[in-house]
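Undergrad: coordinates only, sequence not included:
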Ligand SMILES: C=C(O[C@@H]1C=C(C(=O)O)C=C[C@H]1O)C(=O)O
Ligand SMILES: NC(=O)CC[C@H](N)C(=O)O
């Protein structure tokens, strides 16, 4: 079969790349994607017709909103009324399907209860595009549905469902979902009686849908038959799709030579406590320390899969820094007081700059640790919004939204093997290496006779909450989210708020308490200072956002689904709760969203889901976790996976862009800042690891600490439960900030 050409019209959905991946995997086609508001065509029907009729077929994608709204469907609405000799076969998916129904006389109405992330078996006609497909499990992400008449389908005899052509005689039903008692039968698929237009309400590309391949193969066969019988007159009109690409932005000039890593390993029979090492290093060298800690409980890592190593990063005032603010769009690269670069730059150039600096420090050999040295820092939620072209309502003018500092000296603890690595990427650093090794030895000796030193106490002034969400207000926001979900504007919204706490206790003491109260695989202690601005963070995140290995294996581990631990909560009970339709739907939506994000990265292959909805246990909660992986063909370009996947889908909801716009309104334009962003490192060996910034407190200068917390709101959420979930998530951090020094015992 010759290669076909398919045009995919993207309605800004967060599942689009899963559809194009499915098309490319199972059909002999190339796929070109344009947006529904492509400026070349929105005001020029002829140009769009000329352009689209060059393709063998069009797939009209899913998306937020309503098919009657031009803003929501854009070019998709132009597909249905082409003159006879220019008709192009179309497959509409969800919003695209609803647009097809609407174009030929059906109603599109709200469901009584939205169906977001639910998976059901559909009853199909076993012919046409469903011929031989067998049982179809269908993932649904919709609030609206297509009604073929004004009659009440619930009252219809099930045999009549196949002959419902009273109001729209040109539309032929092909599949129904009859499993929903409250909504009644929901039309799942249809075709036009004479034109080559098909549509499905469900999402065949979802990880939980089945028979997508067979459906597409049948559709493609029908497309080829139609095209053979109806050759189109082509007008030469091809033009570049004009899609801006983060992958092609220029890289800044080289500033530094490559580094050679010098390292030394100390094998310790009894590994000292990570906090003790930090204190020893700080006292000994008067340097700034950041810690990316894998929490340990009873001598074992809380989660050995993601939390085997703890990384202690040492910096001084001469360390290289990269800063960028979303408000000013200003990129600064400095080294001490020396400003190497200071210019206006879009976010895409920030990624290029971070990549270039990492490349210039590239070390090709080193010990068996995931971090040899490199850029350590964070990207805020608002920096993430920039990457998807959502304007943050308010941002600070001077505070960086991207802030990284180069770590040249580090100490890495392997909690599984009990090894400590002392590492430096400085040219001549043997003295520091040997003296640090010696101090560690002494620490081990001391450690074997004395217990971990107690943390220093704070002052007697009590910590207190300065501001925070109220229950009524939070519940009202949950309901506001749900009204958007019912209207079809979003499938899931991750609502959050922040609590402000003033505490007299120093950040390191607070972190020592937090690591004890809530040991987590992504513990973090970070202090950044530059140009009169300082930022402190103490974190206990359970969630990896994205990591990649030095050979280009990218991994996401989104969490969605939370159960509070308590005396009456067993693991079995938590598993039961987390296997409910509501919790699984929340998780599934994010899995499909992340698959989409990863599939959109140039050079990524083999996107797969090695773990789907597994329960993990943490200090205060049980969480439902999935793992999504893919292999990059060019390991040196894995940063594109980060550039294409911010802000973290588990903190936004789906579809991401529209959900973020709605959340900005609902959260009253309050910046989330570091909370909901990502924190971690780019390693000079080529790997990286970033966590989602949750269960974390951060503060600017001497302002109060900010503790963000929230949760995914779906149509099935109960406002009071969402309020409780938010309280549960912020509890461990809040307890630590509010505890008076006297009540805190180590
Ligand atoms: C929003 C938070 O957590 C996010 C939401 C979760 C959920 O809805 O179950 C779980 C983990 C995070 O992705 C938070 O901790 O503040
Ligand atoms: N997934 C979709 O395309 C959803 C279509 C429409 N916005 C609805 O909610 O019904």
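TA: That came through fine. Everything quoted here is computed from the prediction, not taken from an experiment. Residues are numbered from 1 along each chain as shown. Ligands and ions are numbered 1, 2, ... in the order given.

Undergrad: just the element for residue 729, please.
TA: Taking DSSP states H and E as the definition, one finds residue 729 inside helix 719-738.

Undergrad: and what of residue 218?
TA: helix 212-229.

Undergrad: list the buried ones in that helix?
TA: Neighbour counts over helix 212-229 (16 or more other C-beta atoms under 10 Å) mark 212, 214-220, 222-224, 226-227 as buried. For the C-beta atoms, the positions are set from N, CA and C on the backbone; glycine is no exception.

Undergrad: ok, is the strand ranked longest in the chain in contact with ligand 2 or not?
TA: Ranked by number of residues, the top strand in the chain under DSSP state E is strand 107-124. No - judged by C-beta under 6 Å from any ligand atom, strand 107-124 and ligand 2 are separated, with a smallest distance of 6.9 Å.

Undergrad: following the helix holding residue 218, which helix or strand comes up?
TA: Using DSSP H and E, the first helix or strand after helix 212-229 is strand 262-267.

Undergrad: list the buried residues of that next one.
TA: Buried, per 16+ other C-beta under 10 Å, within strand 262-267: 262, 263, 264, 265, 266.

Undergrad: Serialize the residues you listed to TSV and add fields for distance to residue 631.
TA: Output for the buried residues of strand 262-267, formatted as TSV (distance: C-beta to C-beta, whole Å):
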residue	distance to residue 631
262	31
263	28
264	33
265	30
266	34
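
Undergrad: neighbours around residue 625, how many?
TA: 24 (other C-beta atoms under 10 Å).

Undergrad: which other helices and strands does the helix or strand containing it contact?
TA: Here residue 625 sits within strand 621-632, counting by DSSP H and E. For strand 621-632, the packing partners by 3 or more C-beta pairs under 8 Å, 6 or more residues apart in numbering; DSSP states H and E come out as strand 553-556, strand 559-564, helix 571-578, helix 581-599, strand 604-617.

Undergrad: got the angle for that strand vs helix 581-599?
TA: 20 degrees (axes from the mean of the first three to the mean of the last three C-alpha atoms, to 10 degrees).

Undergrad: tell me which strands strand 621-632 pairs with, and in which orientation.
TA: strand 553-556 (antiparallel), strand 559-564 (antiparallel), strand 604-617 (antiparallel) (DSSP bridges).

Undergrad: adding mean pLDDT, mean neighbour count and distance to residue 95, write those strands out as CSV.
TA: CSV is the format used below for the strands paired with strand 621-632 (pLDDT from 0 to 100; neighbours: other C-beta atoms under 10 Å; distance: least, C-beta to C-beta, whole Å):
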stretch, mean pLDDT, mean neighbour count, distance to residue 95
strand 553-556, 98, 22, 25
strand 559-564, 92, 23, 23
strand 604-617, 96, 16, 23
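
Undergrad: out of the ones you listed, nearest to residue 468?
TA: Closest approach to residue 468 among the strands paired with strand 621-632 (C-beta to C-beta): strand 559-564, 18.8 Å.

Undergrad: is stretch 200-211 anywhere near ligand 2?
TA: No - using C-beta under 6 Å from any ligand atom, stretch 200-211 stays clear of ligand 2, coming no nearer than 6.7 Å.

Undergrad: again with stretch 21-39
TA: No - for stretch 21-39, no contact with ligand 2 is found by C-beta under 6 Å from any ligand atom; the gap never falls below 11.7 Å.
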